[in-house]
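Engineer: this one's structure only:
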């Protein structure tokens with residue numbers, strides 16, 4: 001949004017905004033204020049998702065003032081668990097740094113006390129599934145302390161383990177230590193994390209919510225409530241993370257997606273989606289119901305970061 005005149009803001013804020021605008025847009029011939037792109041300024045509670053703010057145009061300025069008076073969901077999320085939410089944001093940067101590329105390490109490191117693979121039995125799918133686990137360094141010696149958990153969903157054809165053992169091992173272990181969080185990764189191969197209406201043996205939504213999370217809360221010292229859980233994913237897993245969180249906002253305080261497919265309907269013949277939902281031409285309603293963009297109804301009241 002462009003502001004043609006500098007006086008689009010109240011008098012007391014013009015000078016500081018113009019200074020920041022000129023610094024951010026030298027040589028453009030006129031001062032502009034944008035919804036993003038200006039030098040950030042600090043405000044709000046430390047660690048809050050709302051603690052980084054940008055320059056605002058008049059209508060945005062008034063909305064901002066109103067929101068500050070009433071309080072915001074972002075600041076609420078920040079007060080609940082600021083380091084945890086900040087860690088999730090940094091995880092996005094780790095995944096985005098590689099642009100979704102699958103860059104393998106030189107070799108696959110064996111399990112350690114901090115990095116392991118757990119077998120989780122699924123009654124819904126009648127088989128054992130594997131979950132990679134990263135524990136913070138403080139976990140073993142911390143006694144009864146409980147830790148928040150970030151769940152990672154792998155991309156198409158992924159098993160989850162490769163995220164921790166190969167692609168992002170060092171970076172994620174550092175973040176686990178820095179913010180004292182447990183990290184759990186799984187992969188649904190080509191199932192898109194659905195409870196498939198055409199394949200009775202594919203029940204990934206049921207597994208994630210009713211089996212994997214209870215397994216983690218039982219076998220690890222996790223914060224076993226909504227405020228202690230976040231979920232994210234890469235590509236197909238980015239779809240799965242939003243799809244799962246938006247359908248179960250009572251389970252997660254935060255959700256993220258890196259290169260996630262939020263609406264795959266334009267590509268009905270790609271990525272094995274038809275094998276999970278049926279052919280699109282014959283199952284339009286099912287396809288509509290299972291894209292992320294059509295699962296947003298709970299968000300306005302979800303207070304999710």
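Structural biologist: Right, received. Where do you want to start? These numbers come from a predicted model, not from an experiment.
Engineer: Pull out the buried residues from stretch 217-234.
Structural biologist: Along stretch 217-234, these residues count as buried under the neighbour rule (16 or more other Cβ atoms under 10 Å): 217, 220, 222, 223, 226, 228, 229, 230, 231, 232, 233, 234. C-beta here means a position set from N, CA and C on the backbone, and glycine is covered the same way.
Engineer: Quick check: the third one vs residue 197, distance?
Structural biologist: Read that as residue 222. Residue 222 is 31 Å from residue 197, where distance means Cβ to Cβ, to the nearest Å.
Engineer: what do you get for the fourth one?
Structural biologist: As judged by Cβ to Cβ, residue 223 and residue 197 stand 34 Å apart.
Engineer: so who does residue 276 touch?
Structural biologist: By Cβ atoms under 8 Å, 6 or more residues apart in numbering, the residues touching residue 276 are 190, 191, 192, 194, 196, 198, 199, 202.
Engineer: remind me which residues of the stretch 51-200 of the chain are low pLDDT?
Structural biologist: Judged by pLDDT under 70, the stretch 51-200 of the chain has its weakly predicted residues at 51-110.
Engineer: How about the stretch 201-305 of the chain?
Structural biologist: Within the stretch 201-305 of the chain, no stretch falls below the threshold (pLDDT under 70).
Engineer: Helices of the stretch 151-300 of the chain, residue ranges please.
Structural biologist: In order along the chain, the stretch 151-300 of the chain carries the following helices (DSSP state H, counting those that start in this stretch): 161-162, 169-179, 204-207, 213-219, 236-247, 273-277, 284-289.
Engineer: that older thread, what subset of the contacts of residue 276 is buried?
Structural biologist: When neighbours are counted using 16+ other Cβ under 10 Å, the contacts of residue 276 contain these buried positions: 191, 192, 194, 196, 202.
Engineer: Name the nearest residue to the fourth one, ignoring sequence neighbours.
Structural biologist: Which is residue 196. Ranked by Cβ to Cβ, 6 or more residues apart in numbering and with sequence neighbours excluded, the top spatial neighbour of residue 196 is residue 202, at 3.8 Å.
Engineer: Next: the second one.
Structural biologist: If the residues on either side of it in the chain are set aside, residue 192 comes closest to residue 276, at 5.5 Å by Cβ to Cβ, 6+ apart.
Engineer: Please apply the same query to the first one.
Structural biologist: Leaving aside its chain neighbours, residue 191 sits nearest to residue 202 (5.0 Å; criterion: Cβ to Cβ, 6+ apart).
Engineer: Likewise for the third one?
Structural biologist: Here the nearest residue to residue 194 in space, its sequence neighbours aside, is residue 276; by Cβ to Cβ, 6+ apart that works out to 5.1 Å.
Engineer: Relative to residue 193, how far out is residue 262?
Structural biologist: When distance is defined by Cβ to Cβ, residue 262 is 13 Å away from residue 193.
Engineer: and those two? which has more neighbours close in?
Structural biologist: Taking other Cβ atoms under 10 Å, residue 262 and residue 193 do not tie; residue 193 has more neighbours (23 against 15).
Engineer: Who are the contact partners of the more buried one?
Structural biologist: With contacts defined as Cβ under 8 Å, 6+ apart, the neighbours of residue 193 are 153, 204, 205, 208, 236, 237, 239, 240, 243, 244.
Engineer: now residue 265
Structural biologist: Applying Cβ under 8 Å, 6+ apart as the definition, the contact partners of residue 265 turn out to be 280, 287, 288, 291.
Engineer: Could you report the neighbour count for residue 295?
Structural biologist: Counted with other Cβ under 10 Å, the burial measure for residue 295 works out to 17 neighbours.
Engineer: Repeat that for the one 5 residues further on.
Structural biologist: Residues near residue 300, counting by other Cβ under 10 Å, number 8.
Engineer: And the one 5 residues further on, by the same measure?
Structural biologist: Using other Cβ under 10 Å, residue 305 has 24 other residues around it.
Engineer: Just to check, it is in contact with residue 245?
Structural biologist: No - because the distance of 10.3 Å does not satisfy Cβ atoms under 8 Å, residue 305 is recorded as not touching residue 245.
Engineer: Quickly list what's touching both of those two.
Structural biologist: With contacts taken as Cβ under 8 Å, 6+ apart, residue 305 and residue 245 have residue 255 as neighbours in common.
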